[in-house]
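1. Any chance you could fold what I've pasted below:
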Amino acid sequence: MRKVILAVSVGLLAVTALVLGRPTVALADDAITASVKADPALHAMLPKSIQVSGIIKLATDAHYPPCESFAEDNVTMIGWEPDLWDALAKKLGVKVKAESINFDGLIPGVQSGRYDTAMECISDTVEREKQVTFVDLSISINGIFTLENSAITDNPLSLCGLKSGAQKGTTFVQSIKELLSPLCVKNGKAPIATNEFASADATILALLSGRVDFLVNDASAAAFIKKQSSQPVKLIVLDVLPKQIDGFIVKKDNTELANALLAGTKALMDEGVYDRIMDKWDIAALKLKTPGINLVSKGATAN
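-> Next comes the predicted model:
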């Protein structure tokens with residue numbers, strides 16, 4: 001099994017430089033969005049209610065850079081996903097009204113109709129597709145975060161018997177419970193204890209305080225986690241951990257919105273806007289070549 005320990009400075013998933021946990025980038029990039037023009041045909045694909053209001057109500061958890069986070073004004077959302085949803089809204093001829101809530105409230109918020117869509121690097125899974133519809137447009141890579149002086153190595157069995165941390169409601173919890181811990185048991189080792197926390201920030205605090213021995217998180221968050229940490233932290237990427245497909249979520253029966261978001265995303269890709277956004281945030285490794293709806297249940301993988 002090929003395993004790689006990545007220094008955070010390595011450019012595989014380098015993230016824009018961070019100060020106090022916030023990206024030091026402009027809050028808007030007119031050079032990227034200037035060329036985006038509203039397409040009446042795409043606008044006509046939207047549900048009538050959104051055409052009339054001119055607003056897409058979007059939920060996110062803005063504590064997860066480089067996907068999204070709050071700028072220093074603690075109001076403005078920045079990240080590659082806000083850049084994308086703003087460009088997509090312009091292409092569709094509407095505005096996005098984004099609200100930050102807890103991650104585990106995103107799916108229920110969409111299911112209830114409180115929000116039209118949600119986006120927070122949400123990974124598509126067969127189980128989640130039973131609850132909502134995914135408009136897939138990127139990938140994510142799971143990683144292990146632990147203190148630099150930890151005895152954890154690039155051997156996944158070095159995790160056995162330890163205490164793990166992950167954000168509640170994420171697929172990181174599944175990675176621990178369904179992949180890593182069973183691997184330990186299969187090899188005659190002690191299982192991994194799973195601790196779930198309400199926010200990504202809380203998982204980092206748990207690691208630094210010694211409540212957990214390691215975290216499972218998105219590898220693209222490496223620079224942020226390093227900057228947040230008062231102690232040296234290392235990132236380990238193992239082949240046993242999955243690459244996943246991520247995207248917008250909409251209510252299961254909201255096919256009009258799903259199709260409009262997909263068509264708009266394809267238009268942004270054709271025009272090079274998607275590439276420019278991903279390159280701006282130094283996450284070219286997370287590009288998904290062909291977007292689609294509910295790709296996981298159709299057999300697509302991020303590998």
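2. Can you give me the buried ones in stretch 252-262?
-> 254, 256-262 (16 or more other C-beta atoms under 10 Å). For every residue, glycine as well, the C-beta is placed using N, CA and C.
3. what does that stretch rub up against?
-> Residues from elsewhere that reach stretch 252-262 (C-beta atoms under 8 Å, 6 or more residues apart in numbering): 42, 45-47, 50, 56, 88, 92, 111, 116-117, 131-133, 135, 248, 250-251, 291-293.
4. Show me the buried residues of stretch 252-262 that map onto helices.
-> Residues of the buried residues of stretch 252-262 located in helices (DSSP state H): 256-262.
5. possible to save the buried residues of stretch 252-262 as JSON lines with distance to residue 280?
-> Listed next are those as JSON lines, based on distance: C-beta to C-beta, whole Å:
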{"residue": "254", "distance to residue 280": "30"}
{"residue": "256", "distance to residue 280": "30"}
{"residue": "257", "distance to residue 280": "26"}
{"residue": "258", "distance to residue 280": "26"}
{"residue": "259", "distance to residue 280": "27"}
{"residue": "260", "distance to residue 280": "24"}
{"residue": "261", "distance to residue 280": "21"}
{"residue": "262", "distance to residue 280": "22"}
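6. ok, the residues you listed vs residue 125, which is closest?
-> Nearest to residue 125, judged by C-beta to C-beta, of the buried residues of stretch 252-262 is residue 258 at 16.8 Å.
7. any idea how far residue 198 is from that closest one?
-> Using C-beta to C-beta, to the nearest Å, residue 258 is found at 29 Å from residue 198.
8. pLDDT weak spots in the chain?
-> Low-confidence segments of the chain (pLDDT under 70): 1-30, 303.
9. Apply 80 and report the result again.
-> The chain contains residues with pLDDT under 80 at 1-31, 221, 223-228, 303.
10. Would you point out which residue is most central in it?
-> Nearest to the mean C-alpha position of the chain, by C-alpha atoms, centre = their mean, lies residue 121 at 2.1 Å.
11. ok, now which ones touch it?
-> Residues near residue 121 by C-beta under 8 Å, 6+ apart: 64, 67, 81, 138, 140, 218, 246.
12. In this model residue 103 seems to touch residue 120, though I could be wrong.
-> Yes. Counting by C-beta atoms under 8 Å, residue 103 is a contact partner of residue 120 at 6.2 Å.
13. okay, and the common contacts of the two?
-> Taking C-beta under 8 Å, 6+ apart as the contact definition, residue 120 and residue 103 share the neighbouring residues 61, 64.
14. Surely the residue nearest to the centre of the chain is within a strand?
-> Yes. Per DSSP: H, G, I helix; E, B strand; the rest coil, residue 121 lies within a strand segment.
15. Without its sequence neighbours, what residue ends up closest to it?
-> Of all residues not flanking residue 121 in the chain, residue 67 sits nearest, at 4.1 Å (C-beta to C-beta, 6 or more residues apart in numbering).
16. just checking, the one you found touches residue 77?
-> No. Counting by C-beta under 8 Å, residue 77 is not a contact partner of residue 67; they are 10.1 Å apart.
17. Show me which of the two is the more surrounded one.
-> Under the neighbour definition other C-beta atoms under 10 Å, residue 67 and residue 77 were set side by side, and residue 67 has more, 27 against 21.
18. all helices for this protein, in order.
-> 30-33, 40-43, 48-53, 80-92, 106-111, 126-129, 171-174, 181-186, 200-209, 222-228, 255-270, 273-280.
19. Residue 137 - how many residues pack around it?
-> If you count neighbours by other C-beta under 10 Å, residue 137 ends up with 27.
20. which residue sits closest to it, ignoring its sequence neighbours?
-> Once flanking residues are discounted, residue 137 sits nearest to residue 291: 4.4 Å by C-beta to C-beta, 6+ apart.
21. neighbours of the one you found, just the number please.
-> Neighbour count for residue 291, taken as other C-beta under 10 Å: 22.
22. Would you confirm that it contacts residue 267?
-> No. Using C-beta under 8 Å as the test, residue 291 is too far from residue 267 to be in contact (10.7 Å).
23. Quick check: phi and psi at residue 168.
-> Backbone geometry at residue 168, expressed as degrees, to the nearest 10, gives phi -60, psi 140.
24. Any idea how many residues pack against it?
-> By the criterion of other C-beta under 10 Å, residue 168 has 16 neighbours.
25. I'd guessed it sits against residue 196; true?
-> Yes. Counting by C-beta under 8 Å, residue 196 is a contact partner of residue 168 at 4.2 Å.
26. List the buried residues for stretch 94-101?
-> Buried-residue list, stretch 94-101, by 16+ other C-beta under 10 Å: 94, 96, 98, 100-101.
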